[in-house]
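Colleague: Model the structure of this input:
(chains A and B)
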Protein chains: 2
Amino acid sequence: MAVGPATLPHLHAVPGFRLGSASAGIKTPGRLDLVVMAIDDGATVAAVFTRNAFCAAPVQLARQHMQQRTPAFFVVNTGNANAGTGARGIADSQQSCQALAELCGQSAEAILPFSTGVIGEPLPLQKILSALPTALADCDELGWARAAEGIMTTDTRPKAASRQLQVDGHTITVTGIAKGAGMIKPNMATMLAYIATDAAIEQTLLDKMMQEAVTQSFNRITIDGDTSTNDACMLVATGRSALATIDSMQQPAFAAVQEAISLVFIELAQGLVRDGEGASKFVSVEVKGGADEQECLKVAYTVAESPLVKTALFASDPNWGRLLAAIGRAGLEQLDVNTVTVAINTVLIAEQGCRAASYTEAQGVAAMAADDITISIDLGRGTGSATVWTSDLSQEYVRINAEYRS
Amino acid sequence: MAVGPATLPHLHAVPGFRLGSASAGIKTPGRLDLVVMAIDDGATVAAVFTRNAFCAAPVQLARQHMQQRTPAFFVVNTGNANAGTGARGIADSQQSCQALAELCGQSAEAILPFSTGVIGEPLPLQKILSALPTALADCDELGWARAAEGIMTTDTRPKAASRQLQVDGHTITVTGIAKGAGMIKPNMATMLAYIATDAAIEQTLLDKMMQEAVTQSFNRITIDGDTSTNDACMLVATGRSALATIDSMQQPAFAAVQEAISLVFIELAQGLVRDGEGASKFVSVEVKGGADEQECLKVAYTVAESPLVKTALFASDPNWGRLLAAIGRAGLEQLDVNTVTVAINTVLIAEQGCRAASYTEAQGVAAMAADDITISIDLGRGTGSATVWTSDLSQEYVRINAEYRS
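Modeller: The predicted structure is shown next:
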């Protein structure tokens, strides 16, 4: 299951960033499962990694390598997470970096490794080493769509987003791909995502743009509240466009490019939710009227992660009682239920602590029948607001996760 | 589904506490759905109610009545929660108290109302009023088993526990019943539970015993992380035994009776988990070696509420990677994964951040095949400890909650 159209948008090439894919036969013979991304000299690169204390070997190594220099290559395998694999996992990851480094005349520190898939099994290193030359030879600025496929695990479809904007008479491109359908939890980079732009962006400003974009996108989604050991999000600015380097937040180009980057991030994040394991609904939980953003996020996540709300969404049941119960247990100090209103899409369902006077069950059923649902909650006690995106909880989610060894 | 034997233990009568059940036809014709409990004069009564801000009308009223006097009667209906019902809900609840008060020559404040079932629909007051005389006439010290049935909602079986102890040559009895199978979330009274003892216990000490018992039992379970709007737990000390009144924590009787009460609470709490919606496993998550109890609880709940851990338990899959991932995201400051060990029942599965050297998949599969699973986690950084009980997440859970309008 997945929500909404499955077709990829047109993916604009980003000059200075090339992607190559190959089939290493890591888990499923014949499918693309190894991706190499090549970054031309002169780029800046920003990274966000999982905050899970049990982070995988490639994450530990990628963090180290990032501290030593700007990366020249990413190497991504799917089918095996190389997590919970101890010292051997680190050695395996190092060897795959070393092998790619030798193939392209770089030092191993120039390579960032990424893995996703089953936890706790040793990386099939030989398969990866054998397929590396093919992936490297495949590298092309038009390789985005194949790479989006090559990083998938339980995803039912590739996720990619791309947009162009004009800044000071120059065309700037932002294109990205992401994977992730389960073990999706907010407040970290909760998946693999690779986004590149041909704008030239000074390193500290690129880091800033990354934080802003992640906060608005991947840190606002939750599928099952679980956080992966392998999450990473990479943002590359190749600097190949003719636009002058962005090196001040005062430049109009900063805001324009930030907006384009954030929109690509949001589209990718929503794409993950739409393809959430077993998802049959795409749900926006919009909370306003809180004392501050933090309070609104608390309510939004409590609603978005409530198994009872999620099963009601799966059943297309306008079960406003469960919504009120979730809001009521979100832990807000002295919440006055009389000031709270709740709507599903445009239908007001609850006010003053109980069912809205105007509400009819027929309205609720009609609203819940849609694939895209917006739950709007007004806490009526302040000016804060926050939105979180999530999916429903279906029997299919249980089946996938009971059968798949992640 | 439910885990373990379904037979009720022998339920000892508690002199001074009588229970009567009737069939009011609230939701399902013919089943017991209305229970009256009568408390003789001279008892002390302690209460814990839900902390959900959207608490139901009967909870609001019961809280008020408790402040005014020691209750003489509880009246409990199932099939309708009288929650999210606004002013009408309060009036309905008041009327049912008033009606019972008139039948037995009491003031309305002497009655505590409790409701459980569907949220958001008006209470079928007439049905309740009509059945009240029957329930009242049925009141008997031997009425425990029928009452355990009469308070059920999606429960597949009644829950009750009973034990006797000798104190200073006197037999003291503690007997209790509870209901609840979904919307079960720790740190509140998360269900309906009624426990009585014939010991005489001074009010402040009874309150203390209640807090201690709840902390060890109902506040240590989680089925789906959701908290009901209607939860309540009542502890009655009728004082009808010949044992002198317990009015000091220094009395040996205090510790002895506290222990018996706590054990009954724990048995009831575990009974709820064993009958958790769609449960096929009873899971104890035992965490030790944390800096303090709070830290251990954080890890225990993160593991117990992780959908990925729960689906692996459902699949009897020794998926230790998901256990490590859950521990790793519990938010502990500077957790050193190298000091963490994880065992399932007696099988050591993970140490030093990865699979234990001694572990074999065959051992893991054998351990996970049991109905009762203990996940033992040693954080290796302190002397704190905590245990939480939970169930697994099955397709049956989703089916129940997609089909049932709670």
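Colleague: what is the nearest residue to residue A:292 once chain neighbours are set aside paired to in the beta sheet?
Modeller: Among residues not flanking residue A:292 along the chain, residue A:384 sits closest, at 4.2 Å (Cβ to Cβ, 6 or more residues apart in numbering or on different chains). The way it works is simple: take the backbone N, C-alpha and C, and place the C-beta from them, glycine included. Under the criterion DSSP bridges, residue A:384 forms beta bridges with residue A:290.
Colleague: quick one: residue A:384 and residue A:293 touch, right?
Modeller: Yes: if you go by Cβ atoms under 8 Å, residue A:384 and residue A:293 touch, sitting 4.8 Å apart.
Colleague: which one of those two has more residues nearby?
Modeller: Higher neighbour count among residue A:384 and residue A:293: residue A:384, with 18 against 15, using other Cβ atoms under 10 Å in any protein chain shown.
Colleague: That one and chain B: what is the separation?
Modeller: 17 Å (Cβ to the nearest Cβ, to the nearest Å).
Colleague: Helix, strand or coil: sort out the closest residue to chain B within the stretch 201-350 of chain A for me.
Modeller: Nearest residue of the stretch 201-350 of chain A to chain B: residue A:321, at 2.7 Å (Cβ to the nearest Cβ). At residue A:321 the chain is in helix, as set by DSSP: H, G, I helix; E, B strand; the rest coil.
Colleague: Please verify my assumption that it contacts residue B:85.
Modeller: No: between residue A:321 and residue B:85 no contact is recorded; they are 9.7 Å apart, counting by Cβ under 8 Å.
Colleague: anything in contact with each of those two?
Modeller: Common neighbours of residue A:321 and residue B:85, using Cβ atoms under 8 Å, 6 or more residues apart in numbering or on different chains, are residue B:120.
Colleague: what about chain A, any weak spots by pLDDT?
Modeller: Filtered on pLDDT under 70, chain A yields the residue ranges A:1, A:181-190, A:222-230, A:404-406.
Colleague: Show me it divided up by domain.
Modeller: Taking automatic domain parsing as the reference, chain A has its domains at A:17-274, A:282-403.
Colleague: Return the residues in contact with the residue nearest to residue A:292.
Modeller: By Cβ under 8 Å, 6+ apart, the neighbours of residue A:384 are A:288-296.
Colleague: please redo it, this time with the cut-off set to 6 Å
Modeller: Shown in contact with residue A:384 (Cβ atoms under 6 Å, 6 or more residues apart in numbering or on different chains): A:290-293, A:295-296.
Colleague: residues of the longest helix belonging to chain A that come out buried?
Modeller: Longest helix of chain A, by residue count under DSSP state H: helix A:252-274. Of the residues in helix A:252-274, A:253-254, A:256-274 count as buried by neighbour count, 16 or more other Cβ atoms under 10 Å in any protein chain shown.
Colleague: Which residue comes closest to the residue of the stretch 51-200 of chain A found nearest chain B once chain neighbours are left out?
Modeller: Nearest residue of the stretch 51-200 of chain A to chain B: residue A:119, at 2.7 Å (Cβ to the nearest Cβ). Computed as Cβ to Cβ, 6+ apart, the closest residue to residue A:119 that is not its neighbour in sequence is residue B:321, at 2.7 Å.
Colleague: Surely that neighbour and residue A:82 touch.
Modeller: No: the criterion here is Cβ atoms under 6 Å, and residue B:321 misses it with residue A:82 at 11.1 Å.
Colleague: Identify the contacts common to those two.
Modeller: In contact with both residue B:321 and residue A:82: no residue, using Cβ under 6 Å, 6+ apart.
Colleague: Is residue A:193 part of a helix or strand, or is it coil?
Modeller: Per three-state DSSP, residue A:193 ends up strand.
Colleague: Look up which residues are beta-bridged to it.
Modeller: Bridge pairing for residue A:193 - DSSP bridges - gives residue A:178, residue A:233.
Colleague: measure it to residue A:232 for me?
Modeller: Plainly put, residue A:193 is 8 Å away from residue A:232 if you go by Cβ to Cβ, to the nearest Å.
Colleague: just residue A:342 next, same as before
Modeller: 36 Å.
Colleague: got it, and residue A:89?
Modeller: For residue A:89, the distance to residue A:232 - Cβ to Cβ - is 16 Å.
Colleague: more crowded one of those two?
Modeller: Neighbour count, other Cβ under 10 Å: between residue A:89 and residue A:232, residue A:232 has more, with 29 against 26.
Colleague: residues in chain A within reach of chain B, list them.
Modeller: Contact residues (Cβ under 6 Å from any Cβ of the partner chain) of chain A with chain B: A:52-54, A:84-86, A:119-120, A:224, A:226-227, A:229, A:306-308, A:311, A:314-315, A:321, A:324-325, A:328-329, A:335, A:337, A:354-355, A:395, A:398, A:401-402.
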